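the sequence and its predicted three-dimensional model are supplied below.
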Amino acid sequence: MLIPLDMLKPGEHAHVVEVTGDAAWVGRLAEMGLREGCKLQVLQPGSPCLLKVADCRLCLRGCETTQILVQPVPA
């Protein structure tokens, strides 16, 4: 089941399935580790949304999280 990233609750984990939007923005996220196939954890939902990707923390605005489709997974 694919859902937008902004639908996850605090502490939930997911695999990124698709990142849509402007190619430059998608590329920038990939440079920071947020790309198709990566696993993430939502630390703080909302806007800003705080994510843990690998050993990094990323902060995204709410409108950006709707462009990232994820598949929830168990921790």
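Done, it's in.

tell me the average confidence for stretch 26-42?
Mean pLDDT, stretch 26-42: 95.

mind listing what's buried in that stretch?
In terms of neighbour count (16 or more other Cβ atoms under 10 Å), stretch 26-42 has its buried residues at 26, 29, 34, 38, 40-42. Yep, even glycine has a C-beta here, placed from its N, CA and C like the rest.

ok, so of the residues you listed, who is nearest residue 3?
Nearest to residue 3 among the buried residues of stretch 26-42 is residue 42, at 11.7 Å by Cβ to Cβ.

how close does that closest one sit to residue 32?
16 Å (Cβ to Cβ, to the nearest Å).

mind telling me what element residue 57 is part of?
strand 56-60 (DSSP states H and E).

same for whichever helix in the chain runs longest, what does it pack against?
Longest among the helix segments of the chain by residue count, using DSSP state H, is helix 23-31. Packing partners of helix 23-31 (3 or more Cβ pairs under 8 Å, 6 or more residues apart in numbering; DSSP states H and E): strand 13-19.

list the neighbouring strands of the strand it packs on plus their orientation.
strand 39-44 (antiparallel), strand 68-73 (antiparallel) (DSSP bridges).

distance from the helix or strand of the chain with the lowest mean pLDDT to the middle of the chain?
Least confident helix or strand, the chain: helix 62-65 with a mean of 85, by mean pLDDT, DSSP states H and E. In terms of Cα atoms, centre = their mean, to the nearest Å, the centre of helix 62-65 is set 9 Å apart from its chain centre.

ok so, going back, next, format the strands paired with strand 13-19 as CSV and append distance to residue 12.
Compiled in CSV, those are given as follows (distance: least, Cβ to Cβ, whole Å):
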stretch, distance to residue 12
strand 39-44, 5
strand 68-73, 6
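
so for residue 16, which of the ones you listed sits nearest?
Across the strands paired with strand 13-19, closest to residue 16 is strand 68-73 (Cβ to Cβ), at 5.6 Å.
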